[in-house]
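> After the sequence you'll find the predicted model.
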Amino acid sequence: MLPVLLGCASCSKAGSVQGNAPTELPLPERIQVVFNHRDGARYRSPLNDQWRNGDNLEKFVITAIEQAQQEILVAVQELRLPGIADALVAAKQRGVTVQMVIENSFSQPWGDLHEADMSLHERRRVAHLKMLADRNHYGELSPTERYRGDAMQILRRHQIPWIDDREDGSKGSGLMHHKFMVIDTQRVITGSAN
């Protein structure tokens, strides 16, 4: 038996593709793939308002919600984007059944949270969400920005039903990392969306 030597080192600079670019593989019929990081497309990120290479996943999800005719079932760890919340509300208003499951750690609208009750991680998360809601970048949220910037508050205000991962009587898993949506029992949207 020959000894095998494995060496590990940390990478200090970004990797690069050497040689020819890979050819695109054919996809099975009715499968569509989108990426938030790729050349060939650009979009403005709803999270930081910066242009970046990739597909606009928020727009992709909103378009799918707009096409729903009967039912939208959503299971996500967290919903930050008010545009998606608005699309779910509009679907409900046109008669589509909308239901959600979300992790309990993220089911409370950030406008209801009190800093004294939060961990450092939670305070940073809420500070980031408030920064996203601050559309005029004045550093202080107007009543309109508070009203329009909290995705979970939008869902609550319009009575979109949701349950969290404590519905079974437990304290919740703390591991609910789902990211999928089923539309009209015909279409599934899934991915990391991180």
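Received the coordinates, thanks.

> can you map out the strands along this structure?
Along the chain, the segments classed as strands by DSSP state E run 42-44, 51-53, 71-76, 97-102, 162-164, 179-183, 187-190.

> any idea how far residue 47 is from residue 97?
Separation of residue 47 from residue 97 (Cβ to Cβ, to the nearest Å) stands at 29 Å. For every residue, glycine as well, the C-beta is placed using N, CA and C.

> neighbours of residue 28, just the number please.
The tally of other residues near residue 28 (other Cβ atoms under 10 Å) stands at 5.

> Numbering from 54 from now on, please.
Okay, residue one is now 54; in that scheme the one you just asked about reads as residue 81.

> Quick check: the residue lying closest to residue 175 once chain neighbours are set aside vs residue 95, distance?
Leaving aside its chain neighbours, residue 175 sits nearest to residue 166 (7.3 Å; criterion: Cβ to Cβ, 6 or more residues apart in numbering). Residue 166 sits at a distance of 34 Å from residue 95 (criterion: Cβ to Cβ).

> give me every residue that touches residue 131.
Contact analysis of residue 131 by Cβ atoms under 8 Å, 6 or more residues apart in numbering lists 155-156, 159.

> swap in residue 241?
233-235.

> do that again at 7 Å, thanks
Going by Cβ atoms under 7 Å, 6 or more residues apart in numbering, residue 241 touches 233, 235.

> cool, residue 203 as well?
The neighbours of residue 203, taking Cβ under 7 Å, 6+ apart as the test, are 162-164, 186.

> Now that we have those residues, can you turn them into TSV and tack on pLDDT, neighbour count and distance to residue 211?
As requested, these are arranged in TSV below (pLDDT from 0 to 100; neighbours: other Cβ atoms under 10 Å; distance: Cβ to Cβ, whole Å):
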residue	pLDDT	neighbour count	distance to residue 211
162	81	16	12
163	77	23	17
164	79	17	15
186	82	20	17
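
> Can you tell me which of those comes closest to residue 115?
Comparing the contacts of residue 203 against residue 115 with Cβ to Cβ picks out residue 186 as the nearest, at 18.1 Å.

> just the helices in this structure please.
Using DSSP state H, the helices of the chain run over residues 110-120, 135-146, 173-186, 196-202, 204-210.

> Point out where the chain drops to low pLDDT.
Confidence mapping of the chain against pLDDT under 70 gives the ranges 54-76, 246-247.

> What is the burial count for the residue nearest to residue 175?
Residue 166 has 15 nearby residues by other Cβ under 10 Å.
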